[in-house]
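1. Fold the stuff below for me.
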Amino acid sequence: MGTDLNLRGCFVNVFDNTNASAVFYISPTPTSVRITTIGIRIYSIAYYGTNATGILLAGEATADPTNALARVWQCGAAQVTSGPASWMPSDTLKKSPTGGGGTGRANVLLAWSPNGSTAYCGTSSENSTLGGTGWTLGQWPYSKLTKALSDESAFQYSMNNGSVWNQIGIINTVISQLSDVAAYEKVVDATTGNTSGSNALYLASLNDNITIIPNIDSVWRSTSDPPGYKWERVLTENTSDNGIILRINPRITGSGKTIVFAELPPTTILPTTTILTTTPIMYSSDEGNLWSQLYPSMPVNDISLLDDTTMYVLGDYTVQKLLLSAQPGKPINTNLLTPGHTICTPLTPSTVSNETTQEIVVIGTGGNDDCYVAWADFAELTPKFTSLKKLPEQGYVHVVTDDQYDSNKNIYAGITTSTHVVGNIYRWTIGTSTNWDELDPINRAFFGLCMLNDVLYGAWNTDITLPLTSTGVDRTLDARVKVPPPPEWDELRDGLPDSPIGPIFTHEPTSLHASSNSYNTLWAIDNQDYNFLTQQGCLWSYVDSVAKLHPWPTAPPLDGLIGADPVTGRSQQIDFKWRPLKDIFGYDLLIAKDADFTLLLSREVYQALSMTPVDGRTSAWIVTPADQESPACWIAPGALEAGRPYYWRVRGSRTVENTNIHSPWSKAMFFSVKPGCPVRSGNMGPTRLA
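-> Down below sits the predicted model:
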């Protein structure tokens, strides 16, 4: 302590096998000794500071065996030789170091970083309660060989002088299943390339090992770039293992701070049974460092955040508005016959006038009976739910609003039944629709929907062409088009192993989440027991690199002129070029005679020009460039009429595995073929004489 060797004091901890410890402070000058009795068994101490001021940490030897937490005590005036010392325990902020689960022994070993910015802690279940030295159980050094399975001991750190601790390595825990995921990503400016905000990927895991008590569940955080490369644990809870949901504010990309944790109710009860017991909702406003509790008036089936301070909680037959800084609102009855399953709020605020802003809340029900979607405006003094027309199928409804809800009032519902073999995706426009529009995706049985940057995604578990146990995500860029015909869909399965070891995206209440930076990123959990070595029960991510980007046409230039062949009076060779898209190896080129692309080149024209194959849905020419770095194609001379304009656009359409995934169309470009020149014969030819 201090820099002058002649003015150094020291702290000494007396550690024995009793339940009380004393910390001695020996001052440098004048020499004096101060004894601080803490009243608990201290295993180690660590001090950072000078002779005048500093922080002393004292770690307990014992722990709470039920919650696997061990306290660290903090003292800011331990070097003062007069007056009582004031100690503050780490459980004041409910973020003590983990360890001692089941055994009640944590043996907190403390140390400071050289600059004092970080405190470190290691815990173990070492049994040295007998005291003395020797090779008997409970004596040092034999006590160093003591170990306990899944006691939550770990290497951990604190950035605020020992008040809040997170685990970063050597964590003695069990992960039986992953339960939910939530993600923010850095925002990337498309023009400048600058980034703002930060990555924050959260993952909840369950420990349902019945042979080891306690079963501590965890919430993990990754702030690495890319997300998921490095992890730390930011919360431990002793839950009933029914399942955990994590929710964030979906309206904030890359800069959100709030994360919400809730335990799901049991799933083995009858649908009509009312559960009276509730569990608290945990929330953090600083990315998972400090946590607080809210108490809803009913069990939690799902949660949707309106912003960083407001959430809507869905029970079986009620919805409750909870504010982080105010009293909970009164639960509002949904007036539906089947219990609530999912809840969402629009990404864009909805307004009915320049002065009035709505707080739209949409819910979907779940069960083996008829299913419904209902909505309410919680900005009203007395909110009331309005039920939409009964959905065409029976099952569990996963509901999401259009990401441009303010302008189109679209709601999407994905359905799965209890058998997981059927279920479609439907659309309803509030104020306009009289029946549900069937969007007819490629596959069936949907366990989660999300919409981001105009792209609708649905996680499914029943493939109509592959084995029934396969899984994946369907996506469409045309969720808003008038039906029939249904929108154009892509099936995202690249990188997923096939059955029977393949993943199963069947987590409830939703199995699909999304985040965005330059691209859209999808996150889904395999609903199987966790085994990283066999790639089962893992977290899967999919980077949709063409959801927001389209190719950039470069030739022919806008309003360019193409020469005409003087003999035929038709076009010369036409060269098309565009900038490539990441991970795309095939493109669709569409040519038309009008700006609205209604007068398209026919399939016969393409075939006559040897421009094959042709996409049967859009009549576009499917191009696989020889040079993927500089994609291009050309049309032979004589293909197009002289003296008229033509319009063209291009989009990505194939991945390296030759699977369909379409980007948005590029901006429409147009060029003109010059008029043909008149041709005069070299001789006069036959002449009529009589």
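2. next SSE after the one helix or strand in the chain whose mean pLDDT sits lowest?
-> Among the secondary structure pieces of the chain, namely its helices and strands, strand 33-37 has the lowest mean (mean pLDDT, DSSP states H and E), a mean of 63. Counting by DSSP states H and E, the element after strand 33-37 in chain order, helix or strand, is strand 42-49.
3. Let me see the ranges of the helices in this structure.
-> Listed in chain order, the helices of the chain (DSSP state H) span 405-408, 603-608.
4. got TSV for these, with mean pLDDT too?
-> Putting the helices of the chain into TSV (pLDDT from 0 to 100) gives the following:
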stretch	mean pLDDT
helix 405-408	92
helix 603-608	74
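5. Would you reformat those helices as a markdown table and include mean neighbour count and distance to V399?
-> Any C-beta I mention is one placed from the backbone N, CA and C, and that applies to glycine too. Compiled in a markdown table, the helices of the chain are given as follows (neighbours: other CB atoms under 10 Å; distance: least, CB to CB, whole Å):
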| stretch | mean neighbour count | distance to V399 |
| --- | --- | --- |
| helix 405-408 | 16 | 12 |
| helix 603-608 | 14 | 40 |
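6. Tabulate the ones you listed in JSON lines, adding columns for distance to W621.
-> Formatted as JSON lines, the helices of the chain follow (distance: least, CB to CB, whole Å):
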{"stretch": "helix 405-408", "distance to W621": "32"}
{"stretch": "helix 603-608", "distance to W621": "6"}
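7. Looking at those helices, spot the one closest to S515.
-> Nearest to S515 among those is helix 405-408 (19.2 Å), distances taken as CB to CB.
8. how close does A154 sit to G99?
-> Distance of A154 to G99, given as CB to CB, to the nearest Å: 7 Å.
9. And the two? Which one has more around it.
-> The residue with the greater number of neighbours, taking A154 and G99 and applying other CB atoms under 10 Å, is G99; the counts read 32 against 24.
10. Which residue, other than its chain neighbours, is closest to the more buried one?
-> T123 (2.9 Å; CB to CB, 6 or more residues apart in numbering).
11. if I pick the one you found, what's in contact with it?
-> Residues in contact with T123, defined by CB atoms under 8 Å, 6 or more residues apart in numbering, are 63, 70, 97-100, 106-109, 152-154, 156.
12. Over to L561?
-> In this structure, L561 makes contact with 671-674, judged by CB under 8 Å, 6+ apart.
13. wait, isn't G101 in contact with P65?
-> Yes. Using CB atoms under 8 Å, G101 and P65 qualify as a contacting pair, with a distance of 6.3 Å.
14. Now for the two: what residues contact both?
-> Taking CB under 8 Å, 6+ apart as the contact criterion, the common neighbours of G101 and P65 are P214.
15. When these two are compared, which one has more neighbours?
-> Here G101 and P65 are compared on neighbour count by other CB under 10 Å; more neighbours surround G101, at 34 against 17.
16. show me what contacts that one?
-> Shown in contact with G101 (CB under 8 Å, 6+ apart): 63, 65, 67-68, 148, 150-152, 213-214, 216.
17. Please list only the buried members of those residues.
-> Burial of the contacts of G101 was assessed by neighbour count (16 or more other CB atoms under 10 Å); the buried members are 63, 65, 67-68, 148, 150-152, 214, 216.
18. could those residues go into a markdown table alongside pLDDT?
-> As requested, the buried ones among the contacts of G101 are exported to a markdown table (pLDDT from 0 to 100):
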| residue | pLDDT |
| --- | --- |
| A63 | 93 |
| P65 | 93 |
| N67 | 92 |
| A68 | 94 |
| A148 | 88 |
| S150 | 91 |
| D151 | 93 |
| E152 | 95 |
| P214 | 87 |
| I216 | 93 |
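19. Closest one of those residues to A52?
-> Ranked by distance to A52 (CB to CB), the buried ones among the contacts of G101 are led by A63 at 33.7 Å.
20. I'd assumed R105 was in contact with the closest one.
-> Yes. Counting by CB under 8 Å, a contact exists between A63 and R105, whose distance comes to 6.5 Å.
21. how close does L512 sit to H398?
-> To H398, L512 is 8 Å away according to CB to CB.
22. who has more neighbours, these two?
-> Shown here are L512 and H398; by other CB under 10 Å, H398 has more neighbours (30 against 25).
23. Contact partners for the more buried one?
-> H398 is in contact with 341-342, 364, 413-416, 446-449, 509-510, counting by CB under 8 Å, 6+ apart.
24. Most neighbours out of those residues, which is it?
-> Highest neighbour count within the contacts of H398: G414, with 33 neighbours (other CB under 10 Å).
25. Just the pLDDT at the closest residue to it other than its chain neighbours, thanks.
-> Counting by CB to CB, 6+ apart, G414 lies nearest to F446, which is 3.3 Å off, once chain neighbours are set aside. Per-residue pLDDT puts F446 at 96.
26. partners of F446 in the sheet?
-> Following DSSP bridges, F446 is listed with bridge partners W460.
27. Can you verify my assumption that it contacts T416?
-> Yes. Counting by CB under 8 Å, T416 is a contact partner of F446 at 5.7 Å.
28. shared neighbours of these two, anything?
-> Here F446 and T416 share the contacting residues 398, 423, scored by CB under 8 Å, 6+ apart.
29. returning to what we had before: narrow the contacts of L561 to those that are buried.
-> Neighbour-count burial (16+ other CB under 10 Å) applied to those gives 671-673.
30. Grab the nearest non-local neighbour of G132.
-> Residue nearest to G132 in three dimensions, not counting chain neighbours: Q139, with 5.3 Å by CB to CB, 6+ apart.
31. er, V181 actually
-> Nearest residue to V181, sequence neighbours excluded (CB to CB, 6+ apart): W523, at 4.8 Å.
32. Verify the stated contact: that neighbour with S511.
-> No. Because the distance of 9.6 Å does not satisfy CB under 8 Å, W523 is recorded as not touching S511.
33. between these two, who's got more neighbours?
-> Neighbours of W523 and S511, each counted by other CB under 10 Å, are more numerous for S511; the result is 27 against 22.
34. right, and that one touches F505 too?
-> Yes. With the criterion set as CB under 8 Å, S511 and F505 qualify as a contacting pair; they are 4.5 Å apart.
35. Done for today, thanks.
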